[in-house]
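*Asks:* Output the structure for:
(one chain, ligands or ions: 1)
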Amino acid sequence: MLRSYTVLTIHGIAIRVHPTFGILLLWVIFHWGIQSGGGLTGLLFGFTLMMALFLFVVLHELGHSMMAIEYGVRVHDITLLPIGGVVRLDHLPDGGRREAMIALAGPAVNLAIAAALLPVVLAYGASQSFGSLRDYLDELSAVGFGGLLISLFFVNLTLVIFNLVPAFPMDGGRILRASASAFVGRERATRFAVIVGQLLALVIAAIGIYAGDLLLPLMALFVIVAAHGEGRAVRLESALRRLRVGQFALWDKGGIAPDKTLRQAHGGDPKDTAVTDGGLVLGMLWRRQILADLAAGKSDTRVADLMDTLVISVELNDSVYDVQQLMRETGRWAVPVVEEGFYRGIFTTDRFAHVYRYVNGQSSTAKLQHLLAARLAEFRASRTRASREWWRRIRA
Ligand code: ZN
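*Replies:* Numbering: from 1, shown residues only. Sure, this is the predicted structure:
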């Protein structure tokens, strides 16, 4: 995919424009400059309209963003595509109500703009002695103040209606999922919303083909793909939420003791290692630090002098999903896994990649659920047998 360009930053949220947005610009030149025969005035009109649309979409996405921030969700950026805007949130908030509020905040912005424009539109209509809705619609394509004003009003109204269509990736799809998840849980609610969205897309495609319009089937295809992607992402997330990090922690013989030297510590294969004493985690020894110090000829340095004492340990029963989020947010490649304060092994980014491949590789949801349940039972039964025996010896 082509790279997007950041055009401005508002409250730390980068507003990015995708290169394909240029297609819209070409269309403006073609439609308003050539096809409509408006010449330079027409071009200027079309350009103003496009910039206004750009602004309304940005305000719409900022509506989502502000509501997300209100709920403590970090907003990465907003990307503008020719088909609309996409806001990238760090994660979805827990609870359907919050997700629904974030989804509703976007269309609400456009509804507010349309409501604010309405008196001006009506005043203009009165000055032109418009008698019916037809008069307003006829003025829509007229190059001039009236046409622009009425267009701005209808653009916002369209953004409200279009976004409330209950199909992913539209806001309506999220609202549908959020409402359904109050009854059947998020995963099943997503499956339901995906099916509704895809059925709706098929109807839209059929209407398009019947009417001889190519744009509608194309849009429908986009909705089907997006809905599928959404379903997959949620399936992965819920699987990762169900897996316990202890299932995938590597038992590395209790980590390394703080009084060892670096030479003794790396054992020929430097890797991220937990530093432990009597089963308690004291710190982390990072691979890059070991390599740097070995290269600098400091192989006699004691582990205690080199370790990173800002350790974030996770519990054996924490979910793989939560632990991965934590690792990503804190920029750590590995975390020690503890049980009641005692070291049980290390969970690394490599291990996460392994889990991810494992979960992603299962084709059917039913098969995956079955496998996960089996593995969890196996884990509960055995815990980390090696580590338990090791600590029993240590404590004895
Ligand atoms: Zn939206």
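*Asks:* So, low pLDDT: which residues of the stretch 251-396 of the chain?
*Replies:* 362-366, 368, 376-396 (pLDDT under 70).
*Asks:* For the ion, give me its nearest residue in it.
*Replies:* Q325 (24.0 Å; C-beta to the ion). All C-beta spots, glycine's among them, are computed from the backbone N, C-alpha and C.
*Asks:* What of the chain?
*Replies:* G106 (3.2 Å).
*Asks:* That residue is in contact with S65, isn't it?
*Replies:* No. If you go by C-beta atoms under 8 Å, G106 and S65 don't touch, sitting 9.1 Å apart.
*Asks:* show me the contacts for the residue lying closest to W333 once chain neighbours are set aside.
*Replies:* The shortest distance from W333 to any non-neighbouring residue, by C-beta to C-beta, 6 or more residues apart in numbering, is to T349 (4.9 Å). With contacts taken as C-beta atoms under 8 Å, 6 or more residues apart in numbering, T349 has the following neighbours: M327, W333, A334.
*Asks:* Same question for P107.
*Replies:* By C-beta under 8 Å, 6+ apart, the residues touching P107 are H60, G63, L159, V160, N163, L164, D171.
*Asks:* Just flag the most distant two among those residues.
*Replies:* Within the contacts of P107, two members stand farthest from each other by C-beta to C-beta: G63 and L164, at 13.5 Å.
*Asks:* Near the ion, which residues of the stretch 1-150 of the chain are found?
*Replies:* Neighbours of the ion within the stretch 1-150 of the chain, by C-beta under 5 Å from the ion: G106.
*Asks:* Helix or strand for the nearest residue to V184 once chain neighbours are set aside, just tell me which one.
*Replies:* With C-beta to C-beta, 6+ apart as the criterion, V184 has its nearest non-adjacent residue at 7.1 Å, and that residue is F192. Assessed by DSSP states H and E, F192 sits inside helix 186-211.
*Asks:* helices or strands up against that helix?
*Replies:* helix 171-184, helix 215-242 (3 or more C-beta pairs under 8 Å, 6 or more residues apart in numbering; DSSP states H and E).
*Asks:* What average pLDDT does stretch 31-44 get?
*Replies:* Per-residue pLDDT values over stretch 31-44 give a mean of 78.
*Asks:* Where do the strands of the chain begin and end?
*Replies:* Under the criterion DSSP state E, the chain contains strands at 5-10, 13-17, 75-81, 84-89, 273-277, 280-285, 314-315, 334-339, 342-348.
*Asks:* Check which residues of the third one are buried.
*Replies:* Applying a neighbour-count criterion of 16 or more other C-beta atoms under 10 Å, one finds V75, D77, I78, T79, L80, L81 buried in strand 75-81.
*Asks:* What pairs with it, parallel or antiparallel?
*Replies:* Its sheet considered, strand 75-81 pairs with strand 13-17 (parallel), strand 84-89 (antiparallel) by DSSP bridges.
*Asks:* Off-centre distance for that strand?
*Replies:* 11 Å (C-alpha atoms, centre = their mean, to the nearest Å).
*Asks:* right, and A239 touches H370 too?
*Replies:* No. Using C-beta under 8 Å, A239 makes no contact with H370, being 11.7 Å away.
*Asks:* coming back round to it: skipping adjacent residues, who's closest to the residue of the stretch 251-396 of the chain closest to the ion in space?
*Replies:* Excluding its sequence neighbours, the residue lying closest to Q325 (C-beta to C-beta, 6+ apart) is H91, at 6.9 Å.
*Asks:* Number of residues surrounding the one you found?
*Replies:* 12 (other C-beta atoms under 10 Å).
*Asks:* now it: how far from G72?
*Replies:* H91 sits at a distance of 10 Å from G72 (criterion: C-beta to C-beta, to the nearest Å).
*Asks:* before we move on, what about F248?
*Replies:* Distance from F248 to G72, by C-beta to C-beta: 28 Å.
*Asks:* Neighbour count: those two, which is higher?
*Replies:* Shown here are F248 and G72; by other C-beta under 10 Å, F248 has more neighbours (20 against 9).
*Asks:* sorry, back to before: G63 and L164: who's more crowded?
*Replies:* Per other C-beta under 10 Å, whichever of G63 and L164 has more neighbours is G63, with 22 against 18.
*Asks:* Quick check: A304 touching T261?
*Replies:* No. In terms of C-beta under 8 Å, A304 does not count as a neighbour of T261; the distance is 10.2 Å.
*Asks:* re earlier: just among the contacts of T349, which is most surrounded?
*Replies:* The most neighbours of any of those, using other C-beta under 10 Å, belong to A334, which has 22 neighbours.
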